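S.K.: give me a model of this one.
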Amino acid sequence: MSKSLNCLNCNEPISKKFCPNCGQKTDTHRITFKHFVFHDILHGVWHLERGILFTLKESLFRPGKAALDYISGKRIRYYNVFYLILLVIGLGIFIDSIYTNAKQNYVSFIVEPPEPTSDTIVLGFIAKYAKLFLLLAIPVFSFNSYFIFNRKKLNYSEHIILFGMLYLGIILISIVGNLFYFFEFIESIAFLTEFGYYFTPVVTFIYLINGFYGAFGKDYTLLKFSFRLLLFIILIFIYLRILGTIIKFFLLKQ
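M.R.: Predicted coordinates:
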């Protein structure tokens with residue numbers, strides 16, 4: 001398709017590769033199946049330097065620095081974090097449903113746990129809805145970091161962006177951890193299932209330290225950063241304790 005002197009999307013006069021008004025590329029092309037599959041989908045969405053895969057990679061390996069990049073205005077390479085959270089949550093729910101169906105149709109080679117206590121019932125309930133609780137906790141955790149890690153002068157909304165990036169990484173870690181549970185249906189490697197019980201909390205803890213350090217490590221000495229991180233973790237445990245008490249009250253009341 002030949003170039004037009006005006007943007008085909010908003011009719012703004014154009015002279016460069018992108019429209020100065022709406023941002024659309026000025027060199028539009030006729031849509032063909034080949035171009036649609038290999039450019040619009042594979043290149044435009046899954047390109048390693050831009051889009052979904054790039055955002056997933058950044059959220060896993062450098063969440064704190066990636067969040068600061070996004071906050072500072074370097075956003076064109078990133079897919080919307082909160083849209084992506086919804087997509088990844090959907091993937092997690094899909095994998096959980098497959099595991100639930102497998103539990104009903106296949107023999108498990110893992111020894112059944114003993115009769116649940118009130119504490120294990122609460123922990124099981126929190127684990128079952130962990131993604132939901134974490135999503136609801138983003139505003140609360142953002143509020144804490146807004147006051148604890150205040151030297152960078154980020155506003156509250158920018159701390160929410162940071163925790164959105166961290167939350168995306170935590171969901172990805174939990175999905176990987178949940179995949180270990182499928183080993184319980186293969187007798188020779190069923191013992192690996194137990195590894196999944198420890199994978200998610202341990203890796204998540206290390207991941208959060210890395211994320212916070214990437215975002216705020218340069219603003220404090222190691223001692224002051226460690227103190228602030230410890231304070232943040234203590235607050236998380238206090239919230240979890242309060243949440244556990246509330247859940248125990250309502251679950252045991254039924």
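
S.K.: mind giving me the packing neighbours of the helix ranked longest in the chain?
M.R.: Longest helix in the chain by number of residues (criterion: DSSP state H): helix 222-253. Packing partners of helix 222-253 (3 or more C-beta pairs under 8 Å, 6 or more residues apart in numbering; DSSP states H and E): helix 118-128, helix 130-148, helix 193-216. Every C-beta, even on glycine, is put in place using the N, C-alpha and C of the backbone.

S.K.: quick one: pLDDT of the closest residue to L231 other than its chain neighbours?
M.R.: Distances taken as C-beta to C-beta, 6 or more residues apart in numbering put I148 closest to L231, at 5.9 Å, once the chain neighbours are dropped. I148 is assigned a pLDDT of 94 by the prediction.

S.K.: likewise for F33?
M.R.: Reading off the model, F33 has pLDDT 53.

S.K.: and what of E58?
M.R.: For E58, pLDDT reads 93.

S.K.: go on, N11?
M.R.: Per-residue pLDDT puts N11 at 84.

S.K.: okay, now it: neighbour count?
M.R.: Applying other C-beta atoms under 10 Å, we find 12 residues neighbouring N11.

S.K.: do the same with L68
M.R.: Number of residues near L68 (other C-beta under 10 Å) recorded here: 20.

S.K.: that one against G217, yeah?
M.R.: No - if you go by C-beta atoms under 8 Å, L68 and G217 don't touch, sitting 11.1 Å apart.

S.K.: I'd say T55 and V81 touch.
M.R.: Yes - counting by C-beta under 8 Å, T55 touches V81, with 6.7 Å between them.

S.K.: which neighbours do the two share?
M.R.: Common neighbours of T55 and V81 are listed as L168 (criterion: C-beta atoms under 8 Å, 6 or more residues apart in numbering).

S.K.: about what we covered before: adding mean neighbour count and distance to I171, write the helices and strands packed on helix 222-253 out as TSV.
M.R.: Formatted as TSV, the helices and strands packed on helix 222-253 follow (neighbours: other C-beta atoms under 10 Å; distance: least, C-beta to C-beta, whole Å):
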stretch	mean neighbour count	distance to I171
helix 118-128	14	14
helix 130-148	16	6
helix 193-216	17	10
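
S.K.: for I110, find the nearest of those helices.
M.R.: Closest of those to I110 is helix 193-216, at 5.6 Å (criterion: C-beta to C-beta).
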